[in-house]
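1. Have a look at this fold, sequence not included:
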């Protein structure tokens, strides 16, 4: 019986609490009307002339009786009201506890956030997934659904670090609710430069995320082809990529509620369409699948991460701006910060930042630019100003870096000169 009442409360606690409060209000109004309409004493109607007035002292007992009646009625009214309000308060607390107890965790099977992807079509396409790429926190697959919609599916896996796997089956209920809330936040992302979550699939102990398929590959792959002279990427295109990435960060930092931190911004997580327009991928996924020491390991191992992530694992929106500065520096120089040596015997993430500052201070910033994109004098001036923007983004102190909103204004104004 108690179990049935609890389930009834948990299904629609708001409606039940509203009914209780309405009943309380009706009771108070009816009690107030009864008290106000009841006379203190009544006398029968008579056609006889009124009897002689009693002595003045005879009115005192009647006045005292009326006063006592009003006091007793007020005490009774106040006691009942306080009792019912206490019941309503205790019931509200109980409803909150039951809601937390029976709140759904991560739904099993496919869950879609768009009409283009039905759970049935997504489930039937899973066996035919085509591998695309893999990273430290999962593998990407290409799926073609029955309605000819193509999606990219990322299976979050961490075979070498099981503790970093999403808590979809063996985690606590609070962990699973945290993941569920984060999935719902990512599903609300709507911006042309950000990959929004379209659906997810929960299978036993694995979580897969479905996104729009972007056919152009990642910025990392494109820059590798640029270095091998298979692709030509002029400055106008590179600048457009930089502005698109900055706009995506501005959306995550200032237009999403709650604010979303990317936490893993690097060239492999910047996808390009056929026109080289960028879209940020893996937004917030690092914190979705990992917490505690495993998340710290993920951040500190990323060579595009800010110094504070390596030192204290503290991540803010200014940390995303630092990662953007690394990407902008890569676009300007054409060099790979993860493999190139900028100073003798040094291959750490600060190499590109320190090298750009050194070249700027020595007056040799032009020597740092990718020779394959040097052309007209106007473009060179624009690129040299972009070097200054990258250096500001790569400041060691987060407070010295611009916000993503300021960053968009800088790059847009730079491009319009």
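-> That came through fine. Since we're looking at a predicted model, the values are computed, not measured. Residues are numbered from 1 along each chain as shown.

2. Low-confidence regions, the protein specifically.
-> The model of the chain has pLDDT under 70 over residues 1-63, 65, 95-109, 157-173, 287-301, 344-350, 417.

3. how is it carved up into domains?
-> In terms of domains, the chain is parsed into 1-24+86-103, 109-212, 219-416 (source: automatic domain parsing).

4. chain center to the longest one, what's the gap?
-> The reference is to domain 219-416. Offset of domain 219-416 from its chain centre (Cα atoms, centre = their mean, to the nearest Å): 22 Å.

5. same thing with the second one?
-> Here the centre of mass of C-alpha atoms in domain 109-212, compared against the chain's by Cα atoms, centre = their mean, lies 16 Å away.

6. and residue 270, what does it touch?
-> Counting by Cβ atoms under 8 Å, 6 or more residues apart in numbering, residue 270 touches 218, 219, 220, 241, 245, 278, 279, 280, 281, 327. Backbone N, C-alpha and C define where each C-beta goes, glycine included.

7. Which of those fall within helices?
-> Within the contacts of residue 270, membership in helices is found for 219, 220, 241, 245, 327, as judged by DSSP state H.

8. Hmm, the last one is touching residue 304, no?
-> Yes. Using Cβ atoms under 8 Å, residue 327 is in contact with residue 304, at 7.3 Å.

9. who touches both of these two?
-> 265, 266, 267.

10. In ChimeraX, select just the buried ones from the contacts of residue 270.
-> If you want just the buried ones from the contacts of residue 270 in ChimeraX, going by 16 or more other Cβ atoms under 10 Å, the selection is:
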select :218,219,220,241,245,278,279,280,281,327
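
11. ok, so of the contacts of residue 270, who is nearest residue 310?
-> Lowest distance from residue 310 to the contacts of residue 270 (Cβ to Cβ) belongs to residue 327, with 17.8 Å.

12. which residues sit in contact with the closest one?
-> Residue 327 neighbours (Cβ under 8 Å, 6+ apart): 219, 242, 245, 265, 266, 267, 270, 304.

13. ok so, going back, identify whichever of the domains of the chain lies nearest to residue 70.
-> The nearest among the domains of the chain, by Cβ to Cβ, is domain 1-24+86-103 at 22.8 Å.

14. could you pull out the strands for the stretch 251-400 of the chain?
-> Residue ranges of the strands in the stretch 251-400 of the chain, as given by DSSP state E, counting those that start in this stretch, are 270-272, 278-280.

15. Among the ones you listed, which comes closest to residue 64?
-> Residue 64 lies closest to strand 278-280 among the strands of the stretch 251-400 of the chain, at 81.2 Å (Cβ to Cβ).

16. Need the contact partners of that closest one.
-> 192-195, 212, 214, 219, 241, 244-245, 248-249, 252, 262, 265, 269-273.

17. Could you pick out the buried ones from the residues you listed?
-> 193-195, 212, 214, 219, 241, 244-245, 248-249, 252, 262, 265, 269-272.

18. List just the nearest of the contacts of residue 327 to residue 286.
-> The nearest one, if we look at the contacts of residue 327 relative to residue 286 and count by Cβ to Cβ, is residue 265, at 10.1 Å.

19. The closest residue to that closest one other than its chain neighbours and residue 112: what is the separation?
-> Among residues not flanking residue 265 along the chain, residue 323 sits closest, at 3.8 Å (Cβ to Cβ, 6 or more residues apart in numbering). Going from residue 323 to residue 112 by Cβ to Cβ, to the nearest Å gives 31 Å.

20. More neighbours: which of the two?
-> residue 323 (27 against 18; other Cβ atoms under 10 Å).

21. Was I right to think that one contacts residue 263?
-> No. In this structure residue 323 lies outside contact range of residue 263 using Cβ under 8 Å: 9.1 Å.

22. Cool, thanks, talk later.
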